[in-house]
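Peer 1: Got a predicted model here, sequence first, then my questions.
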Amino acid sequence: MTEITATASVTTSRAANVGLWTLQVLLAAVYAFSAFGKLSGDAQNVAGFEAMGLGTTGMYLIGALELAGAIAMFVPRLTGLAALCFVALMIGAVTVTWIMVGGALVAFPATIGVLVAVLAWGRRDSTRRLIAQLRR
């Protein structure tokens with residue numbers, strides 16, 4: 001009886017880990033693609049950041065943060081922290097999108113925000129370990 005319980009627990013844990021890794025790869029691709037548009041100075045991104053009042057400096061800063069976070073998604077020790085930072089970024093994105101444009105355009109950053117929050121929750125133990133290690 002104990003053997004069956006232990007096997008089921010390991011399978012669930014492994015399935016969760018595979019699911020989280022899949023989510024990490026997908027979110028890293030989304031953020032890398034988004035960063036590319038900002039860091040390459042795409043005209044649509046420039047216009048959007050100018051309209052928000054952040055200018056090209058804000059665009060390049062956010063693009064650099066997105067690229068760094070996308071890379072951090074592949075570093076197991078940093079994944080939880082990167083996801084947590086992306087949660088904060090997406091709260092800002094949803095807020096600004098709602099204020100500037102409103103309506104249905106809020107759905108994309110909100111959806112990405114929920115997915116990255118799921119990842120941050122799933123990788124919370126790695127974030128705790130990282131913080132504990134930094135405190136030593």
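Peer 2: Great, that's in hand.
Peer 1: Tell me where the chain has helices.
Peer 2: 2-39, 43-52, 55-72, 79-100, 107-122, 124-135 (DSSP state H).
Peer 1: could you say what helices and strands the fourth one packs with?
Peer 2: If I follow you right, that is helix 79-100. When contacts are defined as 3 or more CB pairs under 8 Å, 6 or more residues apart in numbering; DSSP states H and E, helix 79-100 sits against helix 2-39, helix 43-52, helix 55-72, helix 107-122, helix 124-135. For glycine as for every other residue, the C-beta is placed from the backbone atoms N, C-alpha and C.
Peer 1: what's in contact with it?
Peer 2: Helix 79-100 has contacts (CB atoms under 8 Å, 6 or more residues apart in numbering) with 24, 27, 31, 51-52, 62, 65-66, 68-69, 72-73, 105-106, 109-110, 112-113, 116-117, 119-120, 123-127, 130.
Peer 1: what's the closest non-adjacent residue to Leu78?
Peer 2: Leaving aside its chain neighbours, Leu78 sits nearest to Ala72 (4.1 Å; criterion: CB to CB, 6 or more residues apart in numbering).
Peer 1: count of neighbours near the one you found?
Peer 2: Applying other CB atoms under 10 Å, we find 21 residues neighbouring Ala72.
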